[in-house]
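Participant: Using only what follows, build the 3D model:
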Amino acid sequence: MGSVLIAAFYKFTPFPTFREWQRPLLELGQKLGLRGTVLIADEGINSTLAGPPEGVRQFLVFLEEQAELGPIERKYAESEQMPFRRWKVRLKKEIVTLGQPGIDPNHIVGTYVDPEAWNSLIADPEVVVVDTRNDYEVELGTFRRALNPNTDSFREFPEWVRENLDPGQHKKVAMFCTGGIRCEKATAYLKQQGFDEVYHLKGGILKYLEEMPADNSLWDGECFVFDERVTVDHQLQRGDYELCGGCRHPIDAEDKRSAYFEEGVSCPYCYEGLTEEKRESRRERHRQMQLARQRGYEHLGATLPPPAEM
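Facilitator: Predicted structure coming up:
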């Protein structure tokens, strides 16, 4: 049983006063001993946070008591260690950045599919299954038959749709992502573009892994998460990957055996793009981080990928 509770949640909802909530949420989280990031925007809220179980639950109760937010679905996980280093509340233009004006899941959105119905949907040969996550996430695990758009950011997804999907030809499209937020916004975009039958996995991959027995699962691999666990397996336990200390790309044991791997400096994904000056800069940063740990404090150069695309 973990001593730290991790909560992932989001909600698309009109939130015109979001700017007024940055300081109150920041102060409340600090008081409750939370770490992680909360993103707030005119279109809603998006967060993965962690802390003492009672503190996490108190924070969510506070959010749900606000009339502009109301009930919020969340996914919980437990950990023996704190997966975040800092506590942040950020103001954003979008809680997940698609970069397409006028896309509002509150007004138009695809059909939610619960995990227990997902297998039969994506097994239908007439259904086009699309992984809306970024390429480095898809590499680590995905659903069988899923297409990989090979995007580096969610902003690239609309262009991929325009070049690869046709509402006249692709009658049924099912999409998924880590926690549900990207695929929910993606369905709103497809509906706006004239696609009729558009579906998305409710609660995302994390909810599917939580509810679907491994013996019946159509998921292969591990799921990337935006915290220090890096990936989780089908039991939502910490997986086999860590982040390259240089480029922050997920790496496994085989990557670490590569001649291109140098702890805190490089890995097979970034080695060839580095100048010797850049390598030395990363070595110095790694030395400073090690020295900081030896002295019992955190080095500010130790950063994680932003938890903005759950």
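
Participant: Going by C-alpha atoms from here, please, whenever you check contacts or count neighbours.
Facilitator: Fine.

Participant: quick one: the helices in the stretch 51-200 of the chain?
Facilitator: Applying DSSP state H, counting those that start in this stretch to the stretch 51-200 of the chain gives helices spanning 53-64, 115-123, 135-138, 157-164, 181-192.

Participant: so which of those gets nearest Pro213?
Facilitator: Counting by Cα to Cα, Pro213 lies closest to helix 115-123 out of these; the figure is 9.9 Å.

Participant: How about residues contacting the closest one?
Facilitator: Under the contact criterion Cα atoms under 8 Å, 6 or more residues apart in numbering, helix 115-123 has outside partners 127-129, 145, 174, 201-202, 207-208, 211-212, 217-218.

Participant: what do you get if the cut-off is 10 Å, keeping everything else the same?
Facilitator: Helix 115-123 is touched from outside by 112-113, 127-130, 143-146, 172-175, 199-213, 216-219, with contacts defined as Cα atoms under 10 Å, 6 or more residues apart in numbering.

Participant: Which among these count as buried?
Facilitator: 112-113, 127-130, 143, 146, 172-175, 199-210, 212, 217-219 (16 or more other Cα atoms under 10 Å).

Participant: before we move on, back to that, now for the helices of the stretch 51-200 of the chain, which one comes closest to Ser281?
Facilitator: Using Cα to Cα as the measure, helix 135-138 is the one of those that comes nearest Ser281, at 24.6 Å.

Participant: just how off-centre is the closest one within its chain?
Facilitator: Helix 135-138 sits 11 Å away from the centroid of its parent chain (Cα atoms, centre = their mean, to the nearest Å).

Participant: go on, stretch 280-297?
Facilitator: Centroid displacement of stretch 280-297 relative to its chain, using Cα atoms, centre = their mean, is 28 Å.

Participant: do the same with stretch 247-254
Facilitator: The gap between the average C-alpha position of stretch 247-254 and the chain average comes to 17 Å, counting by Cα atoms, centre = their mean.

Participant: buried ones in it?
Facilitator: By 16+ other Cα under 10 Å, the buried positions in stretch 247-254 come out as 247-251.

Participant: What is the most widely separated pair among the residues you listed?
Facilitator: Of all pairs drawn from these, the greatest distance, 10.4 Å, lies between Cys247 and Ile251 (Cα to Cα).

Participant: what touches both of the two?
Facilitator: 267, 269.

Participant: picking that back up, among the contacts of helix 115-123, which are in strands?
Facilitator: With strands taken from DSSP state E, the overlap with those comprises 112-113, 127-130, 143, 172-175, 199-201, 219.

Participant: out of these, which one sits closest to Gln66?
Facilitator: Tyr112 (25.0 Å).

Participant: tell me how far the ends of stretch 263-273 are from each other?
Facilitator: Terminal residues of stretch 263-273 lie 16 Å apart, using Cα to Cα, to the nearest Å.

Participant: Sorry, wrong one. I was asking about stretch 60-76.
Facilitator: End-to-end distance for stretch 60-76, by Cα to Cα: 12 Å.

Participant: contact partners of that stretch?
Facilitator: 5-18, 25, 28, 44-45, 47-50, 53, 55-58, 179, 203-204, 206-207, 210, 236.

Participant: again with stretch 209-219
Facilitator: Outside stretch 209-219, the residues within contact range by Cα under 10 Å, 6+ apart are 75-77, 114-116, 118-119, 122-123, 141-145, 203, 205, 208, 220, 223, 232-236.

Participant: From those residues, keep the buried residues only.
Facilitator: The neighbour-count test (16+ other Cα under 10 Å) applied to the contacts of stretch 209-219 identifies 75-76, 114-115, 118-119, 122, 141-143, 203, 205, 208, 223, 232-234, 236 as buried.

Participant: Can you check the pLDDT for Arg162?
Facilitator: The score at Arg162 is 97. That number is its pLDDT.

Participant: same thing with Asp240?
Facilitator: We note a pLDDT of 96 for Asp240 in this prediction.

Participant: mind checking the SS state of it?
Facilitator: Here Asp240 is coil, with the state taken from DSSP: H, G, I helix; E, B strand; the rest coil.

Participant: That one and Arg85: what is the separation?
Facilitator: For Asp240, the distance to Arg85 equals 21 Å [Cα to Cα].

Participant: now for the ones in strands among the contacts of helix 115-123, which pair is the farthest apart?
Facilitator: Lys172 and Trp219 (20.2 Å).

Participant: How is the chain divided into domains?
Facilitator: Following automatic domain parsing, the chain resolves into domains at 4-91, 111-221, 245-294.
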